[in-house]
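Return atomic coordinates for the entry below.
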Amino acid sequence: MSELMKAIVVERLGPPDVMEIKDIPVPVAGEGEIRIEVEAVGINFADVLAVAGQYLTRTRVPYTPGMEFAGIVESLGEGVDNVKVGQRVACLGGSGSLAKYAVVKAGAVIPVPENFTGAQAAAFPVSYFTAYHGLKTLGRGQEGEWVLVQAAAGALGTASVQLAKALGMRVIAMASTEEKLQLARDLGADVTLLQDDPDRVQKVRDAAGGQGVPLILEVVGGKRFQESLDMAAGQGRIIVIGNASREDAKLRPVELMKRNLTVTGLWLTSLMGDRKATMAATQALTPLVASGKVTPQVGPTYALADSARAFQDILDRKTTGKVVIEPGR
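Numbering: from 1, shown residues only. Presented below is the predicted three-dimensional model:
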């Protein structure tokens with residue numbers, strides 16, 4: 001009989017309460033795979049959307065959520081030589097990490113600094129690689145340039161604020177509460193604004209010298225997408241990274257023509273397949289992490305049994321930083 005472990009299992013798509021904790025077989029590392037004892041799972045809005053069946057790719061059930069995690073290498077499949085048993089690593093596994101053990105392809109493993117905790121390691125890959133690609137790879141941000149960061153107190157937002165400042169950019173941060181704006185200021189944001197300020201569009205344009213913002217990291221979508229266009233400077237770049245509103249947005253191409261705007265989508269999953277872009281991001285991030293200029297912002301942590309509450313808290317915008325679930329608690 002196979003050894004069993006506790007894991008979150010989704011058998012039908014829907015709100016967070018469809019997640020159940022069950023006993024399932026411990027996975028075995030096959031050729032080119034690694035089995036990892038999971039220390040911490042970083043929860044992204046994408047995980048919430050996947051459970052709801054609203055993510056960019058189809059969610060096939062039954063499955064165990066958790067695309068980003070960190071843990072200790074427990075066993076190696078045949079042909080694996082890029083890590084050692086006992087080493088702490090971060091992983092982008094797609095799914096399967098809300099459990100005691102997870103198996104991933106050897107190529108999904110990212111070495112982490114020795115001083116990182118498991119929670120910090122789990123909070124690093126998705127947010128910081130996404131932030132780098134938004135700011136530099138696709139956003140082409142330059143030193144001294146203004147960037148608008150929406151949802152600035154969330155996992156991606158805190159990463160974006162830190163990284164933008166480390167790259168010499170000037171940051172306008174938007175968030176839903178004064179407490180969240182204070183976090184953005186603590187991380188270096190130059191200007192902070194409440195996202196529901198009735199004069200937010202004009203205030204953003206004024207903060208960037210009256211001409212609008214050259215670079216916008218757009219994560220809200222819906223009717224706020226039009227506001228991002230209105231906030232942009234001529235020849236501005238809007239990088240679409242998310243759709244937290246879960247509403248459809250409208251785009252009239254003629255608006256882009258009038259001010260020579262560029263709207264670019266960013267999906268980390270496909271970008272990670274671009275070896276050149278991934279290597280450039282890794283080379284840029286490594287010294288910044290080593291120097292402490294960027295540090296993963298771990299938010300609230302939850303036990304495995306409280307996974308549904310963690311997901312709901314993200315939906316209810318109750319959290320700051322990266323929400324982390326620790327299966328060993």
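
Hmm, G265 and V240 touching each other?
Yes: between V240 and G265 there is a contact under Cβ atoms under 8 Å: 4.9 Å. To be clear about C-beta, it is placed using only N, CA and C from the backbone, and glycine gets the same treatment.

and the spatially most central residue of the chain, backbone torsions?
Among the residues of the chain, the one closest to the centroid is S127, at 3.4 Å (Cα atoms, centre = their mean). Here is the backbone geometry of S127 (degrees, to the nearest 10): phi -70, psi -50.

Tell me where the stretch 1-150 of the chain has strands.
4-10, 19-25, 33-43, 68-76, 88-92, 101-105, 109-111, 146-149 (DSSP state E, counting those that start in this stretch).

Between these, which one is closest to E326.
Among these, strand 33-43 comes nearest to E326, with 5.3 Å by Cβ to Cβ.

so what secondary structure elements neighbour that closest one?
strand 68-76, strand 88-92, strand 101-105, helix 118-122, helix 125-132, helix 307-315, strand 322-326 (3 or more Cβ pairs under 8 Å, 6 or more residues apart in numbering; DSSP states H and E).

Tell me the strands beside the third one, with direction?
Okay, so that is strand 101-105. In the sheet, strand 101-105 lines up against strand 33-43 (antiparallel) (DSSP bridges).

For the strand it pairs with, give the mean pLDDT please.
On average, the pLDDT along strand 33-43 is 96.

Next, the angle from that strand to helix 307-315.
Put simply, strand 33-43 runs at 50 degrees to helix 307-315, going by axes from the mean of the first three to the mean of the last three Cα atoms, to 10 degrees.

Including distance to G42 and mean pLDDT, could the helices and strands packed on strand 33-43 go into TSV?
Shown next, in TSV, are the helices and strands packed on strand 33-43 (distance: least, Cβ to Cβ, whole Å; pLDDT from 0 to 100):
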stretch	distance to G42	mean pLDDT
strand 68-76	4	95
strand 88-92	9	91
strand 101-105	13	94
helix 118-122	4	95
helix 125-132	6	94
helix 307-315	11	97
strand 322-326	5	97
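
wait, which of the ones you listed is closest to P15?
Closest among these, using Cβ to Cβ: helix 307-315, at 7.6 Å.

returning to what we had before: of the helices and strands packed on strand 33-43, which approaches G168 most closely?
helix 125-132 (14.0 Å).

Kindly export that closest one (C-alpha atoms) in CSV.
Output of helix 125-132 as CSV, limited to C-alpha atoms (Å, rounded to 0.1, in the frame of the first residue of the first chain):
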residue,chain,number,x,y,z
PRO,A,125,9.9,33.4,-7.8
VAL,A,126,6.5,34.5,-9.2
SER,A,127,6.4,38.0,-7.8
TYR,A,128,10.0,39.1,-8.5
PHE,A,129,10.4,37.5,-12.0
THR,A,130,7.0,39.0,-13.0
ALA,A,131,8.0,42.4,-11.6
TYR,A,132,11.3,42.3,-13.5
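
that older thread, please identify the most buried of the strands of the stretch 1-150 of the chain.
strand 146-149 (a mean of 28; mean count of other Cβ atoms under 10 Å).

Does anything pack onto that one? Which helices or strands?
Helices and strands touching strand 146-149, by 3+ Cβ pairs under 8 Å, 6+ apart, are helix 155-166, strand 170-175, strand 213-218.
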